[in-house]
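[1] Task: produce atomic coordinates for the following.
(4 chains)
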Protein chains: 4
Amino acid sequence: MDNQNTLRRLKTAEGHLRGVIRMVEEDAYCIDVIRQIQAIEAALNKVSAQILENHLNSCVITAVQGNDKKERQRVLKEITEVFEMSNKV
Amino acid sequence: MDNQNTLRRLKTAEGHLRGVIRMVEEDAYCIDVIRQIQAIEAALNKVSAQILENHLNSCVITAVQGNDKKERQRVLKEITEVFEMSNKV
Amino acid sequence: MDNQNTLRRLKTAEGHLRGVIRMVEEDAYCIDVIRQIQAIEAALNKVSAQILENHLNSCVITAVQGNDKKERQRVLKEITEVFEMSNKV
Amino acid sequence: MDNQNTLRRLKTAEGHLRGVIRMVEEDAYCIDVIRQIQAIEAALNKVSAQILENHLNSCVITAVQGNDKKERQRVLKEITEVFEMSNKV
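    Coordinates of the predicted model:
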């Protein structure tokens, strides 16, 4: 995994989330809070896509080129599962 | 692609969508229309996941096991792209 | 409801969906099919938002300005429900 | 806003996000990281819905029952906007 880039993005999201907590503590306008939460979710979506890209170019290539059919099926099944879940969150 | 199953689901969604059009023509309650549209979207998400699963178990395996590195990169890049888009629709 | 505009958009989505069914019948490339399905979902999201906007400016105003507290609560509850569902589809 | 409940949920999400950062630092399996990020997003969706519900039952009622037509339109427009965005994140 390209850990450094992923970590940087996740820490930015964490800082953003702490900012939202402060907004709520200071009774910010509801809609502004919702918009900031949506911005965090958009950022988290980007991190997920980046992690998936790294995963496809490492573990998935290894598993698909390997001889273990069961492992290959497992790895491909996981891709479908996170894709399905991405439609729900 | 497991065409028959995919086709059946898509045709069901089409029938559902025609039903929504009738609802609007007959001035149905707005929230009921929105709920039916959301149900169609949930069904379309399932079709997409099914198509992706078939794709992973055919084209993606072929490309990743093949010798054309560029083709492999193209195929894996597409997975990330539809994943990213799935977060947005 | 601004029925004419809503109907036009829904019928466009229906035509788009019929196109996707044809693509599957003609064995189109899986990723192209998924992308078209995602485009239909984006269009349906826009219709839903439009219907909600009309609903807010008619039924919701009437209910919130009316004297029936139970009806007001029901109408506001529905907004939260379709919002929650919109996060899931 | 029901600040206490909202704050509790946001702080839980923040703790969850810190856990994900640790996972990445410790080179956890990519798919497990993606799944945890998706769980955080599902939790954030619930907070947003809760904040919207509170907003509808306070600011929106006040604005819609008030005499300022422009303010009413502004408040209702915002609901449509966060609904539209919720379809995209």
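
[2] Extract the residue ranges of chain A that are flagged as low pLDDT.
    Filtered on pLDDT under 70, chain A yields the residue ranges A:1.

[3] contacting residues for the single nearest residue of chain A relative to chain C?
    Chain A approaches chain C most closely through A:Lys88 (4.9 Å), counting by Cβ to the nearest Cβ. In this view, the C-beta of every residue, glycine as well, is placed from N, C-alpha and C. With contact set as Cβ atoms under 8 Å, 6 or more residues apart in numbering or on different chains, A:Lys88 has these partners: B:45, C:88-89, D:42.

[4] List buried members of the residues you listed by neighbour count.
    Listed as buried from these are B:45, C:89, D:42; burial here means 16 or more other Cβ atoms under 10 Å in any protein chain shown.

[5] Can you lay out those as JSON lines showing distance to D:Leu7?
    Listed next are the buried ones among the contacts of A:Lys88 as JSON lines, based on distance: Cβ to Cβ, whole Å:
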{"residue": "B:Asn45", "distance to D:Leu7": "32"}
{"residue": "C:Val89", "distance to D:Leu7": "28"}
{"residue": "D:Ala42", "distance to D:Leu7": "18"}
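
[6] Cross the residues you listed against helices and list the overlap.
    B:45, D:42 (DSSP state H).

[7] The buried ones among the contacts of A:Lys88: which ones sit near chain A?
    Near chain A, judged by Cβ under 8 Å from any Cβ of the partner chain, the entries from the buried ones among the contacts of A:Lys88 are B:45, C:89, D:42.

[8] Okay, angle between the helix or strand that contains A:Arg18 and helix D:3-25 too, please.
    Following DSSP states H and E, one finds A:Arg18 within helix A:3-25. Counting by axes from the mean of the first three to the mean of the last three Cα atoms, to 10 degrees, helix A:3-25 lies at 170 degrees to helix D:3-25.

[9] Please report how far the spatially closest residue to A:Thr6 that is not a sequence neighbour lies from D:Arg18.
    Sequence neighbours aside, D:Val24 is the residue nearest to A:Thr6 in space, at 5.5 Å (criterion: Cβ to Cβ, 6 or more residues apart in numbering or on different chains). From D:Val24 over to D:Arg18 the distance is 11 Å, taken as Cβ to Cβ, to the nearest Å.

[10] A:Asn67 too?
    Taking Cβ to Cβ, one finds A:Asn67 at 39 Å from D:Arg18.

[11] more crowded one of the two?
    Each of A:Asn67 and D:Arg18 has its neighbours counted (other Cβ atoms under 10 Å in any protein chain shown); D:Arg18 has more, 14 against 6.

[12] Counting neighbours, what do you get for the nearest residue in space to that one that is not next to it in sequence?
    Nearest residue to D:Arg18, sequence neighbours excluded (Cβ to Cβ, 6+ apart): A:Glu14, at 6.5 Å. A:Glu14 has 17 neighbours, counted by other Cβ under 10 Å.

[13] same check, this time on A:Ile40
    23.

[14] which element is it on?
    A:Ile40 belongs to helix A:30-55 when assigned by DSSP H and E.

[15] which residues sit in contact with the residue nearest the centre of chain A?
    Nearest residue to the geometric centre of chain A (Cα atoms, centre = their mean): A:Ser48, 2.5 Å. Contact partners of A:Ser48, counting by Cβ under 8 Å, 6+ apart, are A:82, A:86, B:83, B:87, D:34, D:37-38.

[16] Would you reformat those residues as JSON lines and include distance to A:Arg74 and neighbour count?
    Formatted as JSON lines, the contacts of A:Ser48 follow (distance: Cβ to Cβ, whole Å; neighbours: other Cβ atoms under 10 Å in any protein chain shown):
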{"residue": "A:Val82", "distance to A:Arg74": "13", "neighbour count": "20"}
{"residue": "A:Ser86", "distance to A:Arg74": "19", "neighbour count": "25"}
{"residue": "B:Phe83", "distance to A:Arg74": "18", "neighbour count": "22"}
{"residue": "B:Asn87", "distance to A:Arg74": "24", "neighbour count": "21"}
{"residue": "D:Ile34", "distance to A:Arg74": "15", "neighbour count": "25"}
{"residue": "D:Ile37", "distance to A:Arg74": "20", "neighbour count": "26"}
{"residue": "D:Gln38", "distance to A:Arg74": "19", "neighbour count": "19"}
